[in-house]
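Trainee: Pasting the sequence and the predicted model now:
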Amino acid sequence: MSWLKTTQINLFIILSIIIFSLIVWFPTQNLPYHWDSAGFVINSARTLLNNNFNPLIVPDSDFAHPPLLIGLLALMWKLFGQSQLVSHLLMFPFLPIYLISIYYLAKKLFNLPIAIVTTIICATTPVVIAEYGLIYIDLPMAALTMLGLSLWVNKKYILSIIFLSLAALIKLPALGIVGGLVVWQLWKKQYKQIYYLLTPFISFGLWLIYHYQIENWWIARPNRLTNSPHTLSAFLKAIIFVSNNLFLEQGRLLVTVIFLLSITIIIIKKLSKKLKAIYLPVILLLISLFPFVTTGEYGARYGIFLYPLYYGVCIYTLFLVFQFYKIENKFIIISLIIPFLFFQFWHPKLSVSRNYLFKPSEDLSYQDMIKIGQQMSQFSQTKFPLAHFYGGFPESYQLTQPYQGYVNKELNFSQCPQFQLNTNWQQIIIYHPYSPVQINCSILLQQIVVVPLAYFEQNGKWVELYLVNATQSAKINKPPTN
């Protein structure tokens, strides 16, 4: 009967995850592509498809990202046609895989109540919800990494290595988990399994060799500016930067405070011996974080494969406190405060700001960016189909690449630094604070005569269009005569 009850619980959890994923995914099924999804994944997949997958290289990046997900997207287009729906269908399985794997992982490492709470918290993490509507590589990598890790702790080593290798062939950071497992096996003196763990490293190494033969560079494109810390103070700043992002932002401050309070009580009450269950996730977390600190490259989406480990550790320490005070029956209900708080960060209300913000949205406000992009593009296409537009990113793909989902035909577009007055056609400046090129656009608007043309705003995100008065601008910029 106990086995039957456990099976029923598992089936209920799995079904709930699938239904939840469908509810979250359904509104995104026809969303236009956005930001790095558009500029990197979609364009790289089109290149692969147009080149008939030869060479198997993703060209639109400064990093040697393996081509597994992007190649799979191109294959889906080849089989079913290129559309937003097909692209978003490719993303659909990854949230269920991610959450189901977390459930079984936490259940094995800790217990059923902790597994339920950890899974719910991961499911409501704002950046996870945001990435599900984008065609990008971080959520798929995290899903396969968690699947591989869950299989590993359940001693299904062959299957585990297959999925960990696939995860590494989507994005390099998956190897951090593999490296953590190597350290764990060495610590436990279980050397036999280490041979399995060499497979993902070999797979990625073979990919790098292939990439080098084609591109003549390894991990990062030569001359690319990096944020790698070269001094002790810079290294400490990198640690603070990564820690702030992972442990404090988007409501995770509450999780961190809960952990600090719980661990304090555990130490005072001399319950430290019960902390052995967190050794593995802590080792995996530290080893995986190290490359981010040493490169200075980190964003909320990069941590999607790390959040389950961190949440699991924090929730486990909280459970020990509840257990000590004999109130375990209230653990799940009280813990649901965390996902309730996280929900407030899904799509926060934003005020209009004219300050520059050069990073992609890490919550559902990316949909606000898509909305104003659609409004601007449709207005431009309908009202000024023959005009020449000047701006930066993301209008560079919104106006020129119809397959991104914003316009029906390519419009004339150039970057603001390329602007030259011309009285033969209408010139329109696109201005907003979300791209470094827009600094040039701002300077340009101060040097020429323009007329405000249109303004689009959605939840604090905005974009402005200005029509250039070429005749008046030419008089202002006319060189003085002797």
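Mentor: Perfect, I can see it now. Quick caveat, the model's predicted, so the values are computed rather than measured.
Trainee: Give the next helix or strand downstream of whichever strand or helix holds G180.
Mentor: Taking DSSP states H and E as the criterion, G180 maps to helix 174-187. With elements assigned by DSSP H and E, the helix or strand that comes after helix 174-187 is helix 194-215.
Trainee: Okay, buried residues for the following helix or strand past that following helix please.
Mentor: Downstream of helix 194-215, the first helix or strand assigned by DSSP H and E is helix 232-247. Residues A238, F241, V242, N245, L246, F247 are the ones in helix 232-247 that count as buried (16 or more other C-beta atoms under 10 Å). C-betas here are computed from N, CA, C, even on glycine.
Trainee: picking up where we left off before, mind exporting the helix holding G180 as PDB, just the C-alpha atoms?
Mentor: Taking C-alpha atoms only, helix 174-187 is exported to PDB below (Å, rounded to 0.1, in the frame of the first residue of the first chain):
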ATOM      1  CA  ALA A 174      26.700  22.200 -17.500                       C
ATOM      2  CA  LEU A 175      30.200  20.800 -17.100                       C
ATOM      3  CA  GLY A 176      30.300  22.600 -13.700                       C
ATOM      4  CA  ILE A 177      27.900  20.100 -12.300                       C
ATOM      5  CA  VAL A 178      29.900  17.200 -13.800                       C
ATOM      6  CA  GLY A 179      33.100  18.700 -12.300                       C
ATOM      7  CA  GLY A 180      31.300  18.900  -8.900                       C
ATOM      8  CA  LEU A 181      30.300  15.200  -9.200                       C
ATOM      9  CA  VAL A 182      33.900  14.300  -9.900                       C
ATOM     10  CA  VAL A 183      34.900  16.100  -6.600                       C
ATOM     11  CA  TRP A 184      32.100  14.400  -4.800                       C
ATOM     12  CA  GLN A 185      33.200  10.900  -6.000                       C
ATOM     13  CA  LEU A 186      36.800  11.600  -5.100                       C
ATOM     14  CA  TRP A 187      35.700  12.700  -1.600                       C
END
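Trainee: which other residues reach it?
Mentor: Outside helix 174-187, the residues that touch it by C-beta atoms under 8 Å, 6 or more residues apart in numbering are 141, 144-145, 148-149, 152, 164, 167-168, 191, 193-194, 197, 200-201, 204, 279-280, 283-291, 305.
Trainee: which of these are buried?
Mentor: By neighbour count, with 16+ other C-beta under 10 Å, the contacts of helix 174-187 hold 141, 144-145, 148-149, 152, 164, 167-168, 193, 197, 200-201, 204, 280, 283-285, 287-289, 305 as buried.
Trainee: sorry, back to before: tell me which of the contacts of helix 174-187 fall in helices.
Mentor: Counting by DSSP state H, these place 141, 144-145, 148-149, 152, 164, 167-168, 194, 197, 200-201, 204, 279-280, 283-291 in helices.
Trainee: now the helix holding G180, how far from the centre of its chain.
Mentor: Relative to its chain's centre, helix 174-187 lies at 23 Å (C-alpha atoms, centre = their mean, to the nearest Å).
Trainee: and that helix, what's its mean pLDDT?
Mentor: Taken as a whole, helix 174-187 carries a mean pLDDT of 97.
Trainee: now swap in stretch 436-444 and tell me
Mentor: Regarding stretch 436-444, the rounded mean pLDDT is 96.
Trainee: Also stretch 459-478?
Mentor: 87.
Trainee: Give me the contacts around it.
Mentor: When contacts are defined by C-beta under 8 Å, 6+ apart, stretch 459-478 is touched by residues 347, 349-353, 365, 368-369, 371-373, 376, 379-380, 395, 421-423, 426-432, 434, 445, 447-456.
Trainee: from those residues, which ones fall inside strands?
Mentor: Q427, I428, I429, I430, Y431, V450, V451, P452, L453, A454, Y455, F456 (DSSP state E).
Trainee: Can you select the buried ones from those residues in PyMOL?
Mentor: Buried subset of those, written as a PyMOL selection, criterion 16+ other C-beta under 10 Å:
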select buried, resi 427+428+429+430+431+450+453+454+456
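Trainee: can you list the ones in strands among the contacts of stretch 459-478 in CSV and add pLDDT and distance to K5?
Mentor: As requested, the ones in strands among the contacts of stretch 459-478 are exported to CSV (pLDDT from 0 to 100; distance: C-beta to C-beta, whole Å):
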residue, pLDDT, distance to K5
Q427, 97, 70
I428, 98, 65
I429, 98, 65
I430, 98, 60
Y431, 98, 61
V450, 96, 70
V451, 96, 71
P452, 97, 66
L453, 97, 65
A454, 98, 61
Y455, 98, 59
F456, 98, 55
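Trainee: can you list the ones in strands among the contacts of stretch 459-478 in JSON lines and add distance to T264?
Mentor: Listed next are these as JSON lines, based on distance: C-beta to C-beta, whole Å:
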{"residue": "Q427", "distance to T264": "63"}
{"residue": "I428", "distance to T264": "59"}
{"residue": "I429", "distance to T264": "56"}
{"residue": "I430", "distance to T264": "53"}
{"residue": "Y431", "distance to T264": "51"}
{"residue": "V450", "distance to T264": "59"}
{"residue": "V451", "distance to T264": "62"}
{"residue": "P452", "distance to T264": "57"}
{"residue": "L453", "distance to T264": "59"}
{"residue": "A454", "distance to T264": "56"}
{"residue": "Y455", "distance to T264": "52"}
{"residue": "F456", "distance to T264": "50"}
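Trainee: Among the ones in strands among the contacts of stretch 459-478, find me the one that's closest to T119.
Mentor: T119 lies nearest to F456 out of those, by C-beta to C-beta, at 38.6 Å.
Trainee: I370 is in contact with that closest one, correct?
Mentor: No: using C-beta atoms under 8 Å, F456 is not in contact with I370; the gap is 11.7 Å.
Trainee: where do the helices sit along the stretch 301-450 of the chain?
Mentor: 307-324, 331-335, 337-344, 366-383, 395-398, 438-447 (DSSP state H, counting those that start in this stretch).
Trainee: any chance of the ones you listed in JSON lines, plus distance to L95 and mean neighbour count?
Mentor: Listed next are the helices of the stretch 301-450 of the chain as JSON lines, based on distance: least, C-beta to C-beta, whole Å; neighbours: other C-beta atoms under 10 Å:
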{"stretch": "helix 307-324", "distance to L95": "13", "mean neighbour count": "23"}
{"stretch": "helix 331-335", "distance to L95": "21", "mean neighbour count": "15"}
{"stretch": "helix 337-344", "distance to L95": "15", "mean neighbour count": "16"}
{"stretch": "helix 366-383", "distance to L95": "16", "mean neighbour count": "19"}
{"stretch": "helix 395-398", "distance to L95": "26", "mean neighbour count": "25"}
{"stretch": "helix 438-447", "distance to L95": "33", "mean neighbour count": "16"}
